[in-house]
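>>> Just to be clear, the model below is a prediction. Sequence and coordinates:
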Amino acid sequence: MTAENSSSWDSLSYEEKNRALYERQKRMLEAFLERGAISKAQFEKSLRDLTEKMGIRENGKTRFAEEVQE
């Protein structure tokens, strides 16, 4: 990680960091699927598990952000 990336990462909120991590992991799963490293069923299960564990809702927000707003 470069100094520029580090400072921009440091300026992100907890929710933004979680979302960035989620998107990075999702892209990795998509790459595995495209290259045939995992099956469609494995991709769907892994993405569902990732989404649940990271607390991502269908609206794109994390459950943590929604709890803070309440």
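Arrived safely, thanks for sending.

>>> Helices of the protein, start to end?
Applying DSSP state H to the chain gives helices spanning 3-10, 14-34, 40-54, 63-69.

>>> Comparing those by mean pLDDT, which bottoms out?
In terms of mean pLDDT, the lowest-scoring of the helices of the chain is helix 63-69 (a mean of 54).

>>> Just send the helices of the chain back as CSV, with mean neighbour count too.
For the C-beta atoms, the positions are set from N, CA and C on the backbone; glycine is no exception. What follows is the helices of the chain, written out as CSV (neighbours: other Cβ atoms under 10 Å):
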stretch, mean neighbour count
helix 3-10, 9
helix 14-34, 14
helix 40-54, 13
helix 63-69, 12
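
>>> At the geometric centre of the chain, which residue sits there?
With distances taken as Cα atoms, centre = their mean, residue 22 lies nearest the centre of the chain, 0.6 Å away.

>>> What's the separation between that residue and residue 7?
Remark: distance between residue 22 and residue 7 (Cβ to Cβ, to the nearest Å) = 22 Å.

>>> Check residue 33 too.
For residue 33, the distance to residue 7 - Cβ to Cβ - is 33 Å.

>>> for the residue nearest to the centre of the chain, what are its contacts?
By Cβ atoms under 8 Å, 6 or more residues apart in numbering, the contact set of residue 22 is 50-51, 54, 56.

>>> Please compute how far stretch 18-37 lies from its chain's middle.
Remark: stretch 18-37 is offset 8 Å from the chain centroid, using Cα atoms, centre = their mean, to the nearest Å.

>>> CA-only coordinates of stretch 47-60 in PDB, if you can.
Extracted in PDB, the C-alpha atoms of stretch 47-60 (Å, rounded to 0.1, in the frame of the first residue of the first chain):
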ATOM      1  CA  LEU A  47     -21.100 -14.600  -2.000                       C
ATOM      2  CA  ARG A  48     -24.200 -15.200   0.100                       C
ATOM      3  CA  ASP A  49     -22.000 -16.100   3.100                       C
ATOM      4  CA  LEU A  50     -19.800 -13.100   2.500                       C
ATOM      5  CA  THR A  51     -22.700 -10.800   2.200                       C
ATOM      6  CA  GLU A  52     -24.300 -12.200   5.400                       C
ATOM      7  CA  LYS A  53     -21.100 -12.100   7.500                       C
ATOM      8  CA  MET A  54     -20.200  -8.600   6.300                       C
ATOM      9  CA  GLY A  55     -23.700  -7.400   7.200                       C
ATOM     10  CA  ILE A  56     -24.400  -6.100   3.700                       C
ATOM     11  CA  ARG A  57     -28.100  -5.400   3.000                       C
ATOM     12  CA  GLU A  58     -29.900  -5.400  -0.300                       C
ATOM     13  CA  ASN A  59     -29.900  -1.600  -0.300                       C
ATOM     14  CA  GLY A  60     -26.100  -1.700  -0.300                       C
END
